[in-house]
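A.B. asks: Quick one: sequence plus predicted model below, questions after.
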Amino acid sequence: MNSEVMDIRTMEDDETPETVPVPQALVPHLSETAILLDIDGTLLELMPTPREVWVPPGLSKTLNGLVERTSGALALVSGRSLNDIDLIFAPDQFPAVGGHGAEMRLDADAEAVASHAPPMDKELKRRLAAIAKLSPGILLEDKGYSLALHYRLAPHAEKAIYAAVSLIRADLPNAPIEVLPGKFVCEIKHSGFTKASGVRELMTHEPFRGRRPLFIGDDVTDETVFAIMPDMNGLAFSVGRRARGVNGHFDSPSDVREFLAHLLDGDTR
Ligand SMILES: O=P(O)(O)OC[C@H]1O[C@H](O[C@H]2O[C@H](CO)[C@@H](O)[C@H](O)[C@H]2O)[C@H](O)[C@@H](O)[C@@H]1O
Ligand SMILES: [Mg+2]
């Protein structure tokens, strides 16, 4: 084991954080582990707009190494669409749960998409999209099955956006939709799926089935996955803040990347 393994703080005590050498607990078990990783704010630094994210040097090598060492049991678990995920990580294509559980792909074969949510009702999407006109700087992200209103460049518009979404929802009390708040983003999605439902489904398929999941995420939507990790004897880590029910947390995406590189370096099997 590498003696310089990275320490992360546990959630036990806010005031006097205990440090734990994470690889000591995990490295010997990569052959039994499924590595599940959120993207924005976890693997990659947050940027002013969704298109500006970039994959830092070395991450592709680390992820591909972990794919090999886990016999393929590494997946990205993201709010982004599968299409977007592939553009960001091109030419790599990893197994992935996309759109907060709306889509799932088990392997790099594009034909192997195991599930896909139905498209959002056109009229509903049209009404929601019109909210972007409330202020310059509000960006629309259309994922087909859901719509995200980004206001990182127009933070003053937050209340107006949520109020407008509420009015539309009040007109459609029976529509199977829900509002998912994220980091400077308000996403309106089908209520029938979550990141947790996607991860549960993923974990029933080879090569994930029977492995111990290790999930790292940073946002509200990731809390659904933190909550189900104990059911699978899994491990949960948050990024940037202490989240409820996690085993530990990282300060930043660069710490996560360093941890993953150490996992690979330290694995001897
Ligand atoms: O589940 P994730 O992989 O973390 O994806 C969550 C959302 O990430 C993207 O938006 C966020 O990141 C952008 C780039 O850093 C940032 O500009 C934006 O403010 C963030 O909300 C993505 O655009 C969304 O579709 C994802 O749901
Ligand atoms: Mg995230």
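C.D. replies: Received it, and whenever you're ready, just let me know what you need. Ligands and ions are numbered 1, 2, ... in the order given.
A.B. asks: what's the nearest residue to residue 191 once chain neighbours are set aside sitting at in phi/psi?
C.D. replies: Ranked by Cβ to Cβ, 6 or more residues apart in numbering and with sequence neighbours excluded, the top spatial neighbour of residue 191 is residue 178, at 4.2 Å. All C-beta spots, glycine's among them, are computed from the backbone N, C-alpha and C. The phi/psi pair for residue 178 (degrees, to the nearest 10) reads phi -140, psi 160.
A.B. asks: So the closest residue to residue 201 other than its chain neighbours: helix, strand or coil?
C.D. replies: In this structure, residue 201 finds its nearest non-sequential neighbour in residue 104, 6.1 Å apart by Cβ to Cβ, 6+ apart. At residue 104 the chain is in strand, as set by DSSP: H, G, I helix; E, B strand; the rest coil.
A.B. asks: Count residues in the vicinity of residue 104, would you?
C.D. replies: 26 (other Cβ atoms under 10 Å).
A.B. asks: so it makes contact with residue 96?
C.D. replies: Yes: look at residue 104 against residue 96 with Cβ atoms under 8 Å: they come within range, at 7.3 Å.
A.B. asks: Quick check: the gap between whatever residue of the stretch 1-150 of the chain ends up closest to ligand 1 and ligand 2.
C.D. replies: Across the stretch 1-150 of the chain, the shortest distance to ligand 1 (Cβ to the nearest ligand atom) belongs to residue 79, at 2.3 Å. Distance, residue 79 to ligand 2, using Cβ to the ion, to the nearest Å: 7 Å.
A.B. asks: ok, that residue - contacts?
C.D. replies: By Cβ atoms under 8 Å, 6 or more residues apart in numbering, the contact list for residue 79 reads 40, 98-100, 148, 180, 182, 187, 195, 219, 221.
A.B. asks: what about residue 163, which helix or strand?
C.D. replies: If you go by DSSP states H and E, residue 163 is part of helix 158-171.
A.B. asks: What of residue 260?
C.D. replies: Taking DSSP H and E as the definition, one finds residue 260 inside helix 253-266.
A.B. asks: wait, does that helix contact ligand 1?
C.D. replies: No: Helix 253-266 does not reach ligand 1 (Cβ under 6 Å from any ligand atom); its nearest approach is 10.0 Å.
A.B. asks: What helices and strands are in contact with that helix?
C.D. replies: helix 22-26, strand 33-37, helix 59-69, strand 235-239 (3 or more Cβ pairs under 8 Å, 6 or more residues apart in numbering; DSSP states H and E).
A.B. asks: Kind regards, and thank you for your time.
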